[in-house]
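> just need the structure, nothing else, for what follows:
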Amino acid sequence: MAASVFDSSPCARSFDCGAAGRRLTDSAAMRAILLVTGALAKVQGVIPELSAPAIHRASLENRIEPKARAKATSHNGVSVPALIDRFRAELQAPKPAQYVPWGATSQYTIDTALVPHLRQAPADALAFATRADHI
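Presented below is the predicted three-dimensional model:
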C-alpha cells in the first residue's frame, strides 16, 4: 500500500495535479521566494544603496538546490530560513548579506511567492477538468 494517493499507481491518475503539479515544484517555489527577497530589497528603501541592487541581482541569478535545505527545513518547520541562510552564504558579499531579509517574515515571503502561481490555478483546474481522459 502506498503512503499517499499520489504515490499509488491505481489512484495517482485520479488525483493528477496536471500543469499545476508541474509548475509548483520545490525549485519553482525556491526561485519565487528568492525573487520576492530580491524585489523587497530593491523597493522597500531601507537597505543601503549599494547593498539593495546586489541582493536583487543575486536573487535573479541564484540557483540553490532544494536538497540543500532539506535538513534545516525539517528542523525549522518552514523552508524560508534555510533558503535565506543558504542565499546569504552564496552571496559571498558580507555587507549585502547582512540585509537579507529585512522587513519580511517567512510567512509573508512564502505567501507573496505563491501569488504568481495562484493566478494560473483557475486555468489549470479548467484544463484538468475538461481533459478527455478525465471525463
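> only C-alpha atoms for contact and neighbour calcs from this point on.
Will do.
> any idea which residue sits dead centre in this protein?
For the chain, the residue nearest the mean C-alpha position is A29 (2.0 Å; Cα atoms, centre = their mean).
> contact partners for it?
Listed by Cα atoms under 8 Å, 6 or more residues apart in numbering, the contact set of A29 reads A113, L114.
> do K42 as well
For K42, the contact set (Cα under 8 Å, 6+ apart) comprises A52, P53, I55, H56.
> make CSV out of these and add distance to T130.
Shown next, in CSV, are the contacts of K42 (distance: Cα to Cα, whole Å):
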residue, distance to T130
A52, 45
P53, 45
I55, 43
H56, 40
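> tell me the secondary structure for P101?
For P101, the secondary-structure state derived from DSSP: H, G, I helix; E, B strand; the rest coil is coil.
> that one touches I84, doesn't it?
Yes. Judged on Cα atoms under 8 Å, P101 makes contact with I84 at a distance of 7.3 Å.
> who has more neighbours, those two?
Neighbours around P101 and I84, counted as other Cα atoms under 10 Å, are more numerous at P101. The numbers are 23 against 20.
> leaving out sequence neighbours, find the closest residue to the more buried one.
Sequence neighbours aside, T37 is the residue nearest to P101 in space, at 6.4 Å (criterion: Cα to Cα, 6 or more residues apart in numbering).
> how about the contacts made by the one you found?
Listed by Cα under 8 Å, 6+ apart, the contact partners of T37 are H56, S59, V100, P101, T109.
> redo those residues as a markdown table? Include distance to R23 and pLDDT.
Shown next, in a markdown table, are those (distance: Cα to Cα, whole Å; pLDDT from 0 to 100):
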| residue | distance to R23 | pLDDT |
| --- | --- | --- |
| H56 | 23 | 92 |
| S59 | 19 | 89 |
| V100 | 26 | 84 |
| P101 | 25 | 78 |
| T109 | 18 | 87 |
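> now, which of these sits nearest A3?
Distance to A3 across the contacts of T37 (Cα to Cα) is lowest for T109, with 30.1 Å.
> correct me if wrong: that closest one contacts L35.
No. Under the criterion of Cα under 8 Å, T109 is not in contact with L35, lying 9.6 Å apart.
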